[in-house]
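1. structure for the following, please:
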Amino acid sequence: MFEKSTEYVFTTISLAIKQRKKELGLKRSDILPDESLVSNIINNRRNDKYPNLMSDFNAQDIKKSLKFDSIEQMLWGNLKWDVLLREAIDDIYSYKNTDKMGSLRELLFEVLTANVDFAHMRAGISYDIYPVIDSRKKNEDVDTIKDEALLELFQRAKMLNSEPLEANLARQFQDEFYGKPFQKFSVRFPKFLLTTLTAILTPLKPAPNDTGTLAYHLSLNVYEAFEEESRAWYQDDKQRRNEFSNVSAELDKAIQAMQNVHRYEVSLFY
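-> Model prediction:
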């Protein structure tokens, strides 16, 4: 889990060492006696022997050879916390299994449901229906709705917590990893993200009477009515077909009204 996020961290470590090596004009043998290990580190090639690129002992030697002020500067100095947060959210969003990470994905979707368009899309996805007519544009439209919902999430979190989400993540990361051994980072880091992001996202869940939550449940009713209307078509039941067609139309009007309400709420708070 969190493969992209973990790879991002190791990429920044690798680049930091590679850039400093170039700046100082050093050869691989000037950094460590094991030139192949240096090559693996600067090219971000992890293996079974060095799943974290290097050992704590190697890290101390590299820090000294490359004249970094501290291990923290060498390992974490190039991290961009907003990029790391985005990578982590993408890891969660695209996860498919039903385990602890799957539960975090459900939590993320619940938090994003505060956005009415995302709530409508989430309900549709559960029926394998997407909010576009042209299937060739499906991914583009879905990504737009997701990005708008994420932007609102970041704005809401900053307003409620008086700091951006990435600042919270950075502080928690520093508490967990600064001044600590680098050993088993590749194992500890995904667990850290799972625990930390669960704690960060949980207070951001919309209330049961939130516009987005109401829109989500109403959208489920819309898609259920669509299914019943389709079934009536298949059974050639004109009366039921007309009934559910009218229900679908009225529910769809209610969703549009909620979208207008949501836009007004967003204009007030953000």
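
2. okay, CA-based contacts and neighbour counts for the rest of this
-> Will do.

3. output the below-cut-off pLDDT ranges for the stretch 1-150 of the chain.
-> Per-residue confidence for the stretch 1-150 of the chain (pLDDT under 70) gives these ranges: 127-142.

4. look at the most centrally placed residue in the chain and tell me its secondary structure.
-> Taking CA atoms, centre = their mean, the centroid of the chain lies closest to residue 89, which sits 0.6 Å from it. Taking DSSP: H, G, I helix; E, B strand; the rest coil as the rule, one finds residue 89 in the helix state.

5. gap between it and residue 115?
-> According to CA to CA, to the nearest Å, residue 89 stands 16 Å off from residue 115.

6. how many neighbours does residue 161 have?
-> 10 (other CA atoms under 10 Å).

7. now residue 221
-> Residue 221, neighbours per other CA under 10 Å, totals 17.

8. so it versus residue 106, what's the distance?
-> With distances taken as CA to CA, residue 221 is found 20 Å from residue 106.

9. over to residue 152?
-> Counting by CA to CA, the gap from residue 152 to residue 106 is 18 Å.

10. do residue 112 as well
-> Distance, residue 112 to residue 106, using CA to CA: 10 Å.

11. more neighbours, those two?
-> With neighbours defined as other CA under 10 Å, residue 112 and residue 106 compare such that residue 112 has more, 28 against 16.

12. now the more buried one. Nearest residue, chain neighbours left out?
-> residue 149 (5.6 Å; CA to CA, 6 or more residues apart in numbering).

13. quick one: what helix or strand has the one you found in it?
-> Assigned by DSSP states H and E, residue 149 belongs to helix 138-161.

14. then residue 175?
-> Secondary-structure element containing residue 175, defined by DSSP H and E: helix 165-177.

15. how far off centre is that helix?
-> Relative to its chain's centre, helix 165-177 lies at 16 Å (CA atoms, centre = their mean, to the nearest Å).

16. so what does that helix touch, helix or strand wise?
-> Using 3 or more CA pairs under 8 Å, 6 or more residues apart in numbering; DSSP states H and E as the contact criterion, the elements in contact with helix 165-177 are helix 81-93, helix 138-161, helix 185-201.

17. what residues of the longest one count as buried?
-> Burial within helix 138-161, assessed by neighbour count using 16 or more other CA atoms under 10 Å, is assigned to 141-142, 145-146, 149-150, 152-153, 155-158.

18. can you list these in TSV and add distance to residue 67?
-> Shown next, in TSV, are the buried residues of helix 138-161 (distance: CA to CA, whole Å):
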residue	distance to residue 67
141	48
142	47
145	46
146	43
149	44
150	40
152	42
153	40
155	40
156	42
157	39
158	37
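
19. can you tell me which of those is nearest residue 15?
-> Of all the buried residues of helix 138-161, residue 15 sits closest to residue 150, with 28.7 Å by CA to CA.

20. which non-adjacent residue is nearest the closest one?
-> residue 112 (6.7 Å).

21. ok, that neighbour - contacts?
-> Taking CA atoms under 8 Å, 6 or more residues apart in numbering, we find residue 112 in contact with 118-119, 149-150, 153.
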